[in-house]
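Participant: Next one to model:
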Amino acid sequence: MPGRLQDFPEDAMTDRLKDMHEHPALLLPDLTLLPEGARRGHAVLVEGGHIRDVGPADGFQALEVPRIPLPGRLLMPGFIDAHHHLTQSFGKSLVFGEPSEIFKRVWVPMEQFMDEDAIETATRLAAWESLRGGFTTVADAGTRASADVGLLADATSSVGLRCVLGVICNDLQGGAQVASRADIERLARKHLTRWHGHDLVHPSLAISIPEAATDEVLVAVTKLARDASVCFQTHLNEHLAAVERSLVATGHRPLQRLARLGAIGPELLAAHATLLTTDEILLLRDSGGAISYNPVASSWKGNAVAPALLLSELGARVGLGTDGTRSDAFRLLDAAETAQRFAYTMAAGDSSSGGGWIWLDQGLRGGADAVGLGGKVGEIRPGAYADLLVIDLDTPEFVPSWDPEWELVRLGNRDQIESVIVHGRLRLDHGHPVDWDGGRLLEKARETAQRIVASAPIQRIDPSASEHRALWKARHP
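Facilitator: Here you go, the predicted structure:
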């Protein structure tokens, strides 16, 4: 379709998107990703931060609102990162090549040395990276930094990222009790009511790992989450060491312990869940609990790959998470499919390995459901938040196009994301913020990260790439 971009210049499209939060707007893309698949000739009406209506464009001809043509573009929902650690963005490649349970040697030491300025800077950096990667919602599993979580809420909101914000409710540290049940319940109740009416912040309760809480606190916190209809986040059955510690201390594996206590239900968002027995798989399905399938974390530092395809086939709830590894939604979809292929389906001769759409669905509606925002994010439907991505289809990756959904999983890339819209407002244009100075944030992040990493008692085991090369050369003169 030669000339269609010239008929509506790109800068004009961007200008109209910048103003769309000020009035109702009708978006007219070439292709719209709906829950039932990609459809041509549809229009999406956005007003007040929400999607008001969706349908064939012909049905909106009489509607007198500003129209924003999106020629050569796909309009799709923003992705959901079902497991993130926003305050850990300064670490990044410090943990490359490191063995499991790096939280003990890197994350906890680093976060405990972060002051309020560092927390705010690290969170804004992570939020921008998430938006650049196509994530419009992230679930933060709670920071160990000794600061009010309001800092995270302010930072993500200022960047324009929707955040399911966890507050850590641990009452044990190193086996010693550090808080009473009453203290934990007060903290949790305050957090649950604090964000009422906030456009971009949604509360969640978290316990880092089950062994970081007594039985009574596990029960109390999960009940509070259940009663408030928010998710309860915990790292579950991730590493062999954690499973074995739980067996020694309680006689039960972590997930089995939650089940014994009655602390497992639809509120559960279990991060990783890579080491599951057959009965634990059934426990998850029958209890209604959800998992965050984190394939990049598995390949970088894990003991195993979560049986996400099996769980999905059994009707269990599954979303996709980065674990803060790499905030690139399209590469996450590819990793999700690839990990299942290598770990499970290749040996069975299953060349489909989910048919593509499953991983797209888990990155969108599955993630929304897992973090407690089902029907509100992750799909284009009336009543949902207007959290949207404008994807450039006039690229070699998508020409010719025969199967848009599978193409998004295998061929889509971050460079194709032209516009990121959250709550009806344009947040990024071609990866860059439209209403704040990204360059200044990068300068500050470099300086602050240097200060924090230099002062924190971080212990690395694996050498850097240059050190590794020098060691290799020494062995191969």
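Participant: Surely Leu255 and His235 touch.
Facilitator: No - when contacts are counted by CB atoms under 8 Å, Leu255 is not listed as touching His235 (11.3 Å). Placement of C-beta: from N, CA and C, glycine included.
Participant: who's more crowded, these two?
Facilitator: Leu255 (28 against 24; other CB atoms under 10 Å).
Participant: Who are the contact partners of the more buried one?
Facilitator: Leu255 makes contact with 236-237, 264, 270, 273, 276, 280, 283-284 under the criterion CB atoms under 8 Å, 6 or more residues apart in numbering.
Participant: Please apply the same query to Lys444.
Facilitator: Thr121.
Participant: And the contacts of Leu255, which two are furthest apart?
Facilitator: Using CB to CB, these span at most 13.0 Å, a distance reached by Ile264 and Leu276.
Participant: any common contacting residues for the two?
Facilitator: 255, 284.
Participant: confidence score at the residue positioned nearest the centre of the chain?
Facilitator: Nearest to the geometric centre of the chain sits Asp81, at 1.1 Å (CA atoms, centre = their mean). In this model, Asp81 is scored at 98, pLDDT.
Participant: How many neighbouring residues does the closest residue to Arg105 other than its chain neighbours have?
Facilitator: Excluding the flanking residues, the one nearest Arg105 by CB to CB, 6 or more residues apart in numbering is Gln459, at 4.2 Å. When neighbours are counted by other CB under 10 Å, Gln459 registers 11.
Participant: Could you do Pro396 as well?
Facilitator: Pro396: 6 surrounding residues under other CB under 10 Å.
Participant: which residues make contact with the helix or strand hosting Leu247 from outside it?
Facilitator: Assigned by DSSP states H and E, Leu247 belongs to helix 240-250. Identification of contacts with helix 240-250 by CB under 8 Å, 6+ apart yields 100-101, 209-211, 235, 237, 252-254, 257, 275, 303.
Participant: need those residues in CSV with pLDDT, distance to Cys169 and secondary structure, can you?
Facilitator: Listed next are the contacts of helix 240-250 as CSV, based on pLDDT from 0 to 100; distance: CB to CB, whole Å; DSSP: H, G, I helix; E, B strand; the rest coil:
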residue, pLDDT, distance to Cys169, secondary structure
Ser100, 83, 24, coil
Glu101, 85, 21, coil
Ile209, 95, 12, coil
Pro210, 96, 12, helix
Glu211, 95, 14, helix
His235, 97, 14, strand
Asn237, 96, 19, coil
His252, 96, 20, coil
Arg253, 97, 21, coil
Pro254, 97, 16, helix
Arg257, 97, 16, helix
Leu275, 97, 24, coil
Asn303, 88, 26, coil
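Participant: Pick the one among these closest to Leu70.
Facilitator: His235 (39.9 Å).
Participant: one step back: just give me the closest of the contacts of Leu255 to Gln362.
Facilitator: Distances from Gln362 to the contacts of Leu255, taken by CB to CB, are shortest for Ala273, at 13.4 Å.
Participant: Quick one: residues contacting that closest one.
Facilitator: 236-238, 255, 284, 291-293, 306.
Participant: cutoff 10 Å now
Facilitator: 235-238, 254-255, 280-281, 284, 289-294, 304, 306-308, 311, 316, 318 (CB atoms under 10 Å, 6 or more residues apart in numbering).
Participant: And stretch 425-435, how far out from the chain middle?
Facilitator: Relative to the centre of its chain, stretch 425-435 is centred 19 Å away, using CA atoms, centre = their mean, to the nearest Å.
Participant: and that stretch, which residues are buried?
Facilitator: Under the neighbour-count criterion of 16 or more other CB atoms under 10 Å, stretch 425-435 has 425-429, 431, 433-434 buried.
Participant: Overlap of the contact sets of Leu255 and His235?
Facilitator: In contact with both Leu255 and His235: 210, 270, 273, using CB under 10 Å, 6+ apart.
Participant: distance of the last one from Trp436?
Facilitator: According to CB to CB, to the nearest Å, Ala273 and Trp436 sit 37 Å apart.
Participant: Could you do the second one as well?
Facilitator: When CB to CB is applied, the distance between Ala270 and Trp436 equals 35 Å.
Participant: what does stretch 448-459 rub up against?
Facilitator: With contact meaning CB under 10 Å, 6+ apart, stretch 448-459 is reached by 89-92, 94-95, 98, 102, 104-115, 117-122, 125.
Participant: Please repeat the previous calculation with a cut-off of 8 Å.
Facilitator: Counting by CB under 8 Å, 6+ apart, residues outside stretch 448-459 touching it are 90-91, 94, 105-106, 109-110, 112-114, 117-118, 121-122.
Participant: what about dumping the CA coordinates of it to PDB?
Facilitator: Output of stretch 448-459 as PDB, limited to C-alpha atoms (Å, rounded to 0.1, in the frame of the first residue of the first chain):
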ATOM      1  CA  THR A 448      24.100   6.800  41.500                       C
ATOM      2  CA  ALA A 449      24.700   3.200  40.500                       C
ATOM      3  CA  GLN A 450      28.400   3.700  40.800                       C
ATOM      4  CA  ARG A 451      28.000   5.100  44.300                       C
ATOM      5  CA  ILE A 452      25.700   2.300  45.500                       C
ATOM      6  CA  VAL A 453      27.600  -0.600  44.000                       C
ATOM      7  CA  ALA A 454      30.900   0.700  45.300                       C
ATOM      8  CA  SER A 455      29.600   0.900  48.900                       C
ATOM      9  CA  ALA A 456      27.500  -2.300  49.100                       C
ATOM     10  CA  PRO A 457      29.100  -5.500  50.300                       C
ATOM     11  CA  ILE A 458      28.200  -7.400  47.100                       C
ATOM     12  CA  GLN A 459      29.800 -10.800  46.600                       C
END
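Participant: Can you give the distance of that stretch from its chain's centre?
Facilitator: 26 Å.
Participant: quick one: which of the buried residues of stretch 425-435 is nearest to Asp215?
Facilitator: Nearest to Asp215 among these, with distances taken as CB to CB, is Arg427, at 42.8 Å.
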